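# Take a look and give me a structure for this.
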Amino acid sequence: MVKVELVQGNIASQPDMDAVVNAANARLLPGSGVAGAIHSAAGPGLAEECQALAPISPGQAVISSGHRLPNRYVIHCLGPVYGVDEPSDQLLGDCYRNALMLAEQHQLRSVAFPAISTGVFGYPVDKAAVVAFEAIARLAPTLNSVRLIRLVLFSDSDHRVFRTALSRSGLNPTG
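This is a model prediction of the structure:
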């Protein structure tokens, strides 16, 4: 059974996870928010490796090594810009599904996600939380290697919103 947990913290500080998910930009370059934190912690080798993987489209996911992060891998997802990339809910759900399928292909046991698209891409946190858990709930029964999915929320308010959505999702929450 896949367990889903929520923590408040920094996505780049999840040493017990096989992979962390980067809320990336299309070119997979260092940026602000999640991408900035992950690239800063991983070091310049991550940006170098990502050059060959870019560009990516909304909903797409690619995988790289973790470089200086304590995680073996970084899975990069390009979330939709809310109100621009349509259908936003489908594209956001694809981020979670595609990231989990990559984790499965690499036989990872644990993956940590940020709240994809909720920063500068403007996706409302409450709607993003519902989409995330719907995507996870649909894919969870098909996962064989992934046993733990963690959502790492930076702010207390985002954590509260995701906790409410998780309680309504029918998933098996821990933590």
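
# Low-confidence ranges, the chain, go.
For the chain, residues meeting the criterion pLDDT under 70 lie at 175.

# what about the helices in it?
Secondary structure of the chain (DSSP state H): helices at 33-42, 44-51, 88-105, 125-139, 156-167.

# Need the residues that contact the second one.
Counting by C-beta atoms under 8 Å, 6 or more residues apart in numbering, helix 44-51 makes contact with 28-30, 38-39, 64-68, 74, 76, all of which sit outside it. C-betas here are computed from N, CA, C, even on glycine.

# Mind doing that once more with 7 Å?
28-30, 39, 64-65, 67, 74, 76 (C-beta atoms under 7 Å, 6 or more residues apart in numbering).

# Buried residues of stretch 77-86, list them for me.
Under the neighbour-count criterion of 16 or more other C-beta atoms under 10 Å, stretch 77-86 has 77-82, 85 buried.

# could you dump it to PDB, C-alpha only?
As requested, C-alpha coordinates have been extracted for stretch 77-86 and formatted as PDB (Å, rounded to 0.1, in the frame of the first residue of the first chain):
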ATOM      1  CA  CYS A  77       8.000  18.700 -13.900                       C
ATOM      2  CA  LEU A  78       6.700  21.700 -15.700                       C
ATOM      3  CA  GLY A  79       3.400  22.600 -14.200                       C
ATOM      4  CA  PRO A  80       0.900  24.700 -16.000                       C
ATOM      5  CA  VAL A  81       0.600  28.500 -15.700                       C
ATOM      6  CA  TYR A  82      -2.800  28.900 -14.300                       C
ATOM      7  CA  GLY A  83      -5.300  30.500 -16.700                       C
ATOM      8  CA  VAL A  84      -2.700  30.200 -19.600                       C
ATOM      9  CA  ASP A  85      -1.900  26.500 -20.100                       C
ATOM     10  CA  GLU A  86      -5.100  24.700 -20.600                       C
END
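
# and it, how far from the chain's centre?
Offset of stretch 77-86 from its chain centre (C-alpha atoms, centre = their mean, to the nearest Å): 14 Å.

# follow-up on the earlier one: the helices of the chain: which one's closest to Gly9?
When the helices of the chain are compared by C-beta to C-beta, helix 156-167 sits nearest Gly9, at 9.2 Å.

# Which secondary structure elements does the closest one sit against?
With contacts defined as 3 or more C-beta pairs under 7 Å, 6 or more residues apart in numbering; DSSP states H and E, the packing partners of helix 156-167 are strand 3-8, helix 125-139, strand 148-153.

# quick one: the longest one to chain centroid distance?
Okay, so that is helix 125-139. Taking mean C-alpha positions (C-alpha atoms, centre = their mean), helix 125-139 and its chain are 11 Å apart.

# can you check the first one too?
Centroid displacement of strand 3-8 relative to its chain, using C-alpha atoms, centre = their mean, is 12 Å.
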